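> sequence below, structure please.
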Amino acid sequence: MNTRLNDISLDQLFRKARSHNGWLDKPVDDAILHELYELMKWGPTSANGSPARIVFVRTLEGKQRLLPALKPGNVDKTMSAPVTAIIGYDTRFYDKLPQLFPHNPAVRDWFAGNPELVEATALRNSSLQGAYFIFAARALGLDCGPMSGFDHAILDREFFSAGEDGDDIQQEAGPVSHVKSNFLCNLGYGDFGKLFPRSPRLSFAEACEMV
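Numbering: from 1, shown residues only. Okay, here's the model as predicted:
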């Protein structure tokens, strides 16, 4: 049976969590990135399709490859972040559905040959997985700086290039593969001294309706 999280946990995940622009000079261990994925992967997706594909950019070389795709306002905070995660989505996610949805192997046929459904499903569910990613990171004590503000075409050519078989995420530029970028998320330990005042949110009455 589920139990309610205490206020300290809710504050860490939601109420006191912020989107960070400045970072402490403290590295993020690779083991935490593995643990982060092992948590986020359990979040629900349509037919368990799990279309998100992630590149953790954590080296100076990787950041230099990322730099040309960034809009000017996102350069400093991204280059100073210990890790920048590229949250992408696989437009051939359905090829793994027989593995991920084994009680109905025919589910692959729902998507194959229907590019509009594939794009909508992959984008929506990778966005969901990106949200799970943020909350998993916060649960592990990391801070996040999710953002748009980059050139998708440049980034996809650099980080999501197809190899000879076109099946895998590659680390060298080339023809764009079936994986596309959704958004970026800087990771690390945020410098709370560089935050601006928190922006307001809509009230329940402004955003919700009960019928």
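> and the top helix by length along the chain, average pLDDT?
The single longest helix within the chain, with elements called by DSSP state H, is helix 115-139. In this model, helix 115-139 has a mean pLDDT of 98.
> next, the buried residues of stretch 133-146.
133, 134, 135, 136, 137, 138, 139, 142, 143, 144, 145, 146 (16 or more other C-beta atoms under 10 Å). Quick note: C-beta positions are derived from backbone N, CA and C, even for glycine.
> with stretch 96-104 instead?
Neighbour-count burial for stretch 96-104, counted by 16+ other C-beta under 10 Å, picks out 97, 101.
> CA atoms only for it - export them in CSV, please.
Extracted as CSV, the C-alpha positions of stretch 96-104 are listed here (Å, rounded to 0.1, in the frame of the first residue of the first chain):
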residue,chain,number,x,y,z
LYS,A,96,11.0,-2.7,-29.3
LEU,A,97,7.4,-3.2,-28.5
PRO,A,98,7.4,-7.0,-28.8
GLN,A,99,10.1,-6.9,-26.1
LEU,A,100,8.4,-4.3,-23.9
PHE,A,101,4.7,-5.3,-24.4
PRO,A,102,5.1,-9.1,-24.7
HIS,A,103,1.5,-10.1,-23.9
ASN,A,104,0.5,-8.5,-27.2
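> what segments of this protein are helices?
Under the criterion DSSP H, the chain contains helices at 7-10, 30-40, 60-66, 75-80, 97-100, 108-111, 115-139, 152-159, 204-207.
> tell me the contacts of the most far-flung residue of the chain relative to its centre?
Most distant residue from the mean C-alpha position of the chain: residue 211, 33.4 Å away (C-alpha atoms, centre = their mean). Counting by C-beta atoms under 8 Å, 6 or more residues apart in numbering, residue 211 touches no other residue.
> circling back: which of the buried residues of stretch 133-146 lies closest to residue 67?
Using C-beta to C-beta, residue 145 comes nearest to residue 67 of the buried residues of stretch 133-146, at 16.1 Å.
> which strand residues bridge that closest one?
residue 186 (DSSP bridges).
> how about the helices of the chain, which one is nearest residue 47?
From those, taking C-beta to C-beta, the stretch that ends up closest is helix 97-100, at 6.3 Å.
> contact partners of that closest one?
With C-beta under 8 Å, 6+ apart as the test, helix 97-100 has contacts from 47, 48, 49, 50, 105, 107, 108, 111.
> again, only using 10 Å
By C-beta atoms under 10 Å, 6 or more residues apart in numbering, the list of residues contacting helix 97-100 from outside reads 45, 47-50, 93-94, 104-112.
> and which of those residues is nearest to residue 16?
For the contacts of helix 97-100, the minimum distance to residue 16 (C-beta to C-beta) is 28.2 Å, reached by residue 45.
> what's the burial count for the nearest residue to the closest one once chain neighbours are set aside?
In space, and not counting its chain neighbours, residue 45 is closest to residue 125: 4.2 Å by C-beta to C-beta, 6 or more residues apart in numbering. Residue 125: 22 surrounding residues under other C-beta atoms under 10 Å.
> what do you get for the one 3 residues further on?
Burial measure for residue 128: 16 neighbouring residues, criterion other C-beta under 10 Å.
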